[in-house]
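Q: Fold the following and give me the result.
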Amino acid sequence: MIEAAIARLDQQFGLFDAAPIILNPAHGGAGRDFANSVALIESALEPPEVLRQLKTIEREFGRRPGRRWGSRVLDLDIIVWSGGNWSERGLSIPHKSATERSFVIGPLATIAPSWRIDGHQTAHHFAHRLARRRLAGNGARLVGPLAQSVEQLTFNQ
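A: Residues are numbered from 1 along each chain as shown. Predicted structure coming up:
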């Protein structure tokens, strides 16, 4: 499903790069594990229009309205934007929870480690912080094939 969604993003927007797909435990009460990735797309559109098109793609893939954190076939979000911050009802960039989610920051750090989030720290910095937290036993952990590469990225550079 993720590979098909990435191909669809390439068709709709123009794909610049995509991170490896990782598997991770469900967040919230979704009840099943998730596959995650991050894609860098190119578009001249403003974020609200990009988000509308992402939601259309979700529906094309079978996503239906449901409870927050519920099981879903596809969830596409805007995490960061080259234009900096954006805030309006229903859309905040950078994504409010991105820097606390290893399943977002880990993949982002593999394809755009120097991307500044909120104009301050880089994706690499946040990945390193989450990896240290995981090592300290605070519950944040990377799983799947990406875990080793992100640990190498955060501790060997």
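
Q: Ala39 touches Ala7, doesn't it?
A: No: taking contact to mean C-beta atoms under 8 Å, the distance of 10.2 Å between Ala39 and Ala7 leaves them out of contact. To be clear about C-beta, it is placed using only N, CA and C from the backbone, and glycine gets the same treatment.

Q: now the chain, which segments are flagged as low pLDDT?
A: Counting by pLDDT under 70, the ranges of the chain that qualify are 27-31, 66-72, 135-157.

Q: Now the spatially most central residue of the chain: closest residue in space, sequence neighbours ignored.
A: Computing the C-alpha centroid of the chain and ranking residues by C-alpha atoms, centre = their mean puts Val104 first, at 3.7 Å. Distances taken as C-beta to C-beta, 6 or more residues apart in numbering put Ala98 closest to Val104, at 4.9 Å, once the chain neighbours are dropped.

Q: Tell me how far the one you found lies from Asp10.
A: Remark: distance between Ala98 and Asp10 (C-beta to C-beta, to the nearest Å) = 22 Å.

Q: For those two, indicate the residue with more neighbours.
A: Between Ala98 and Asp10, counted using other C-beta atoms under 10 Å, Ala98 has the larger neighbour count: 21 against 15.

Q: thinking again about what came up before, for the residue nearest to the centre of the chain, which three-state class applies?
A: Using DSSP: H, G, I helix; E, B strand; the rest coil, the three-state assignment for Val104 comes out as helix.

Q: Return the residues in contact with it.
A: Remark: with contacts taken as C-beta atoms under 8 Å, 6 or more residues apart in numbering, Val104 is in contact with 36, 38, 79, 95, 97-98.

Q: Mind putting the residues you listed into CSV with secondary structure and distance to Glu60?
A: Shown next, in CSV, are these (DSSP: H, G, I helix; E, B strand; the rest coil; distance: C-beta to C-beta, whole Å):
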residue, secondary structure, distance to Glu60
Asn36, strand, 19
Val38, coil, 20
Ile79, coil, 21
His95, coil, 22
Ser97, coil, 25
Ala98, helix, 24
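
Q: So which of these wins on neighbours?
A: Comparing the contacts of Val104 on neighbour count, Val38 comes out first with 26 neighbours (neighbours: other C-beta under 10 Å).
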